[in-house]
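Undergrad: What shape does this take:
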Amino acid sequence: MSKTLRSVILWLCCITVQAQSKDSVTVNFKLFFDHKPLLLNQTYVTVNKDSVSISTFKCYVSDVVIQYADQTVYHEKNSYHLLDSEIPNSMKVRLPNSKTKTISKVIFNIGLDSLTNTSGALSGDLDPTKGMYWAWQSGYINLKIEGQSPSCKTRKQQFQFHLGGYLPPYNALRRKVIPVTIAKDDTINIGMDLAVFLAEVNLSITPTVMTPGKTAMELADITTKMFYSE
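TA: Now for the predicted structure:
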């Protein structure tokens, strides 16, 4: 390959990368505790005066939609992303974007729909090795929060919230709409404040939820309050 041809190919690659950059937007999910960046295994105090430390946070975000000011939408296909507090890159979801339009909302599910749950264990972010799959009867865990607190009357003072379920009447899937004021540097920041969730949980009474049911439904409702435009 001649030097001139290599130069042309390199130039074309640079143009392609620039075009992809200009025509995409990154939805950046950021973990907080009481509006401060969350650090895993660090002690925090809830509004209920519970001392807590978070060791695990995982959450499925699916069926992602970008809505523009003119009411047109971009609807992501095969849309499911596993946010994992231990994998920083997993917290960034990159989507195509029209530069000629203004984004007004980001809409997504917290969890996975019944079709995905009944398709059987899949690959990628849906791989059972990710630790978010119960079994074919119960399907996937939509959201997982684990940690420790002296308030928990459990072994090693652990709390575990594995929220999921897709069969009526215990479908724990929730839809969230995030208004977007402005996308800065092609990035939309969405905060997830775990203090909001733990403020509504009595750890001394309910330190563990591991199956679909009424309590999981109630906690799934609370999770929607955690997400906000940051």
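
Undergrad: is it true that residue 102 touches residue 68?
TA: Yes. With contact defined as CB atoms under 8 Å, residue 102 counts as touching residue 68 (6.2 Å). Glycine gets a C-beta too; all of them are placed from N, C-alpha and C.

Undergrad: Tell me which of those two has more neighbours.
TA: More neighbours surround residue 68 than the other of residue 102 and residue 68, with 17 against 11 (other CB atoms under 10 Å).

Undergrad: so who does the more buried one touch?
TA: Residues in contact with residue 68 (CB atoms under 8 Å, 6 or more residues apart in numbering) are 74, 98, 101-104.

Undergrad: between those, which has the most around it?
TA: Ranked by neighbour count under the definition other CB under 10 Å, those are headed by residue 103 with 21 neighbours.

Undergrad: and the gap between that residue and residue 209?
TA: Applying CB to CB, to the nearest Å, the value for residue 103 to residue 209 is 35 Å.

Undergrad: Same check on residue 81?
TA: 23 Å.

Undergrad: which residue packs closest to residue 147, ignoring adjacent ones?
TA: Nearest non-adjacent residue to residue 147, counting by CB to CB, 6 or more residues apart in numbering: residue 54, 4.3 Å away.

Undergrad: those helices in this structure, which residues are they?
TA: All helices of the chain, identified by DSSP state H, fall at 3-22, 114-118, 194-198, 214-223.

Undergrad: Mean pLDDT lowest where, among these?
TA: Considering the helices of the chain one by one, the lowest average pLDDT is found for helix 3-22, at a mean of 45.

Undergrad: surely residue 206 meets residue 215?
TA: Yes. Judged on CB under 8 Å, residue 206 makes contact with residue 215 at a distance of 6.6 Å.

Undergrad: Any idea which helix or strand in this protein has the lowest mean pLDDT?
TA: Least confident helix or strand, the chain: helix 3-22 with a mean of 45, by mean pLDDT, DSSP states H and E.

Undergrad: Can you tell me, leaving aside adjacent residues, what's nearest to residue 159?
TA: Spatial nearest neighbour of residue 159, excluding adjacent residues (CB to CB, 6+ apart): residue 207 at 4.4 Å.

Undergrad: Next: residue 134.
TA: Spatial nearest neighbour of residue 134, excluding adjacent residues (CB to CB, 6+ apart): residue 141 at 6.3 Å.

Undergrad: Beta-bridge partners for that neighbour, please?
TA: When bridges are called by DSSP bridges, residue 141 pairs up with residue 164.

Undergrad: so who does it touch?
TA: Residue 141 makes contact with 58, 60, 132-134, 162-164 under the criterion CB under 8 Å, 6+ apart.

Undergrad: can you pick the most crowded of those residues?
TA: The member of the contacts of residue 141 surrounded by the most neighbours (other CB under 10 Å) is residue 164, with 28 neighbours in all.

Undergrad: State the distance from that residue to residue 185.
TA: Relative to residue 185, residue 164 is positioned 35 Å away (CB to CB).
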